[in-house]
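Undergrad: following is a predicted model, sequence given first.
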Amino acid sequence: MSAAEQVTGVTAASPTITGAGFAVRGDATSPIVVRGVEPERFLAIIDVRGRLDRGRYELDGGGVVIGSKLAADLGAEVGDKLRLTSTEGQGDVVTVRGIFTLGNLAVDATWVVTTLRHAQALYGLPGGATTIELKVADVFSAERVAGELRARTGLQADSWMTINAELLAGLSAQSGSKVMIQFFVIVAVALGIASVLIVSVVQKSREIGILRAVGTPAGRVARVFLIQGGVLGVLGSIVGCA
């Protein structure tokens, strides 16, 4: 934890225990992922309190908060009792204190968030943790932070950019597509304005001849059409934004 918090770019760190198990309520049984956390530290990583649908973010005294899909599968509400059984064979009865929706179906259907101490008892890890989760100021610097942590500690350090390589590839492709679309839109708009100006010049050739005949410099005549193109572009941008 100390080494992780000293890495440049890390804004929050939270020790966690992640383990599989089952939750039972009456005749309903559902597979779960138990997340043992230090309540306040974990909020800096994922704001579970701000995503509560109902209830409170209270994990002390045998309380847990669970995902909304899991609550629906078990028919559980705030105040109900659940029996948790870990893969280590340890079990306990807990009280649902809150129900959250994080917007990820896999998370909302499996997560049971409890205290770190409670998870240590369920998985036989007294004083231990399975992971240290970090939050960084710049999401795209995560791989750099992971590399620095590996060098400092010798521990395995995985960034979201490695774990979600397909998502990152999709985001990169989306960014490239956006730039390409913007480029061709600008080209199309420029050609449109140029064509309007060309037609305008052709239509005004007689007037241009008169201006030149009375001594108007060619540069001044050109500026008239440049101003016209500028006004057209500005008005088009305003209408386009609206």
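TA: On my side now, so go ahead. Numbering: from 1, shown residues only.

Undergrad: elements contacting the helix or strand bottoming out on mean pLDDT in the chain?
TA: Least confident helix or strand, the chain: helix 160-163 with a mean of 84, by mean pLDDT, DSSP states H and E. Contact partners of helix 160-163 among helices and strands, from 3 or more Cβ pairs under 8 Å, 6 or more residues apart in numbering; DSSP states H and E: helix 142-153. Where you see a C-beta, it was placed from the backbone N, CA and C, and this is true even at glycine.

Undergrad: hang on, the earlier thing: got the buried residues for the least confident helix or strand of the chain?
TA: Neighbour counts over helix 160-163 (16 or more other Cβ atoms under 10 Å) mark M161 as buried.

Undergrad: mind listing the strands for this protein?
TA: Assigned by DSSP state E, the chain shows strands spanning 10-25, 28-37, 52-55, 63-67, 81-86, 91-100, 111-115, 131-136.

Undergrad: most tightly packed of the ones you listed?
TA: Of all the strands of the chain, strand 63-67 has the most neighbours on average by mean count of other Cβ atoms under 10 Å, namely a mean of 25.

Undergrad: just want the angle from that strand to strand 91-100.
TA: Comparing the axes of strand 63-67 and strand 91-100 via axes from the mean of the first three to the mean of the last three Cα atoms, to 10 degrees yields an angle of 60 degrees.

Undergrad: pLDDT on strand 63-67, on average?
TA: Regarding strand 63-67, the rounded mean pLDDT is 95.

Undergrad: which one's the longest helix in the protein?
TA: The single longest helix within the chain, with elements called by DSSP state H, is helix 165-203.

Undergrad: now for that helix, which elements pack on it?
TA: Using 3+ Cβ pairs under 8 Å, 6+ apart: helix 165-203 touches helix 218-241.

Undergrad: in the helix it packs on, what's buried?
TA: 221, 224-225, 229, 232.

Undergrad: again, but for stretch 152-169
TA: When burial is assessed from 16+ other Cβ under 10 Å, stretch 152-169 yields the following buried residues: 157, 159, 161, 168.

Undergrad: quick check: the gap between the residue nearest the centre of the chain and L226.
TA: By Cα atoms, centre = their mean, the mean C-alpha position of the chain lies nearest to V139, the distance being 8.7 Å. Here V139 is placed at a distance of 43 Å from L226 (Cβ to Cβ, to the nearest Å).
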